[in-house]
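# Predicted model, plus sequence, below.
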Amino acid sequence: MSAEQTLPSPLASLFDRLDAAGARRPEAGRAVSDFGDARAEAAAVADAAGTVVAPLTHLAVLDASGADAASFLHNQMTNDINHLAPEQWLRAAWCSAKGRMYTTFAIWRGADAGTYRLRFAADQMAFVKKRLTMFVLRAKVTLADRSDDVAVFGLAGARAAELVAGLGLAVPEVGKTAAGAVGEVLRIDAARFELAVPADQAAATWDRLAAVARPVGAQAWHLLDVRAGVPHLSAATQEAFVPQMANFERIGGVSFHKGCYPGQEIVARTQYLGKVKRHMYQATAAADLAPGAELFSSALPDQSCGQVVISAPSPAGGFEVLAVIQENALDASIHSGGEAPVELAAPRLPAYMSEAPAA
């Protein structure tokens, strides 16, 4: 083998299957935006009677293993990793010293003893792994990029639980996990699951799921995040928000009873003094808005009033959006910048914001 040659990715067979099914991967990247009809795929995920499967190749998995893995992550993340139960998964963020979120994770305990798995945006892998490594010091922790070793699939809809069981996995409750020969499953909500499947089983698992469920891409999957009010951070929104701006504490991503972590003082002060003036809203727009796009309002003509978190095609036409917006900008219209500004219509807080926060 020459110096220029490289071994094929263990996931090559999976990508061959996806490409044959019509997957659109911008710039031949790993992320699958859709399978040729994003609007129809949005309708499919919105149909409570249907079932969809999504190759979540825009996500990656990082393993932290070793005797000090739990304490190391506990000291870096916004949530309580020390008390993460074997069959539980948590949302958590990793923040800068200024309390701004680098990214958000789903964290669970891997099948190997002492291993913790972190699922997050694939375009942040290089940054997260490099920067986390800087804090390892003398801790007994090994960080391993599993991007080529693990495929992440999403399942949602009426038959999602049935398909999980058909793979030989126990069907966990919401917030719980289960593991089996085909990999690990996280139950995200009543009708949504994520599967972490070893690369050597990824193509076969996809074949089984896609034979029953409709394939959809990341855009359709993001629609479920928008409607649930769950922020998906990526490189475009890195360090843009403190957790409370993205309502992250309201969906269980922050523990206010644990010890210190980077940015903890600012996150705690924001919570207890109630000084956050920006929140994440759901809205609609006539055109797509890129993550990180700045927003403006005539109520605050001299400055940006917010940023887009994610945008997804709506079955009704147009797009559904999550955006962090300054409260006093809502008295006027909100729109993107540029020569052809796009207006955000009907901004509203997610339903969980009207409920009592978790203790």
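Here it is on my side, so go on.
# how does this structure divide into domains?
7-231, 235-352 (automatic domain parsing).
# How far does the longest one sit from its chain's centre?
If you compare the mean C-alpha spot of domain 7-231 with that of the full chain, they lie 8 Å apart, counting by Cα atoms, centre = their mean, to the nearest Å.
# I'd like to check what contacts stretch 284-294. Which residues are they?
Stretch 284-294 is contacted from outside by 234, 236-237, 240, 304, 306-311, 313-314, 318-321, 323, 336-337, 342-346, using Cβ atoms under 8 Å, 6 or more residues apart in numbering. All C-beta atoms are positioned from the backbone trio N, CA, C, and that covers glycine.
# again, only this time at 7 Å
For stretch 284-294, the external contacting residues (Cβ atoms under 7 Å, 6 or more residues apart in numbering) are 234, 236-237, 240, 304, 307-311, 314, 318-321, 336-337, 342-346.
# average pLDDT for stretch 186-200?
When pLDDT is averaged along stretch 186-200, the result is 97.
# Next: stretch 110-130.
Averaging pLDDT along stretch 110-130 yields 95.
# which other residues reach it?
For stretch 110-130, contacts defined as Cβ under 7 Å, 6+ apart pick out 30, 58-67, 69-70, 73, 102-109, 143, 145, 147, 152, 179, 184, 196, 233-235, 238.
# could you measure the closest residue to G217 other than its chain neighbours against R214, distance?
Excluding the flanking residues, the one nearest G217 by Cβ to Cβ, 6 or more residues apart in numbering is D34, at 3.7 Å. Distance of D34 to R214, given as Cβ to Cβ, to the nearest Å: 12 Å.
# Over to L273?
With the distance defined as Cβ to Cβ, L273 ends up 47 Å from R214.
# D34 and R214: who's more crowded?
Between D34 and R214, counted using other Cβ atoms under 10 Å, the more crowded position is D34 (23 against 18).
# I'd guess Q244 is in a helix, am I close?
Yes: judged by DSSP: H, G, I helix; E, B strand; the rest coil, Q244 forms part of a helix.
# In which helix or strand does the nearest residue to it once chain neighbours are set aside reside?
Spatial nearest neighbour of Q244, chain neighbours left out: V276 (4.3 Å); criterion: Cβ to Cβ, 6+ apart. V276 is part of no helix or strand, with elements assigned from DSSP states H and E.
# how near is V276 to G217?
Distance check for V276 against G217: by Cβ to Cβ, it reads 33 Å.
# neighbour-wise, which of the two wins?
G217 (27 against 16).
# Report the secondary structure state of the residue nearest to A323 when sequence neighbours are not counted.
Among residues not flanking A323 along the chain, V308 sits closest, at 4.9 Å (Cβ to Cβ, 6+ apart). Of the three states, V308 takes strand according to three-state DSSP.
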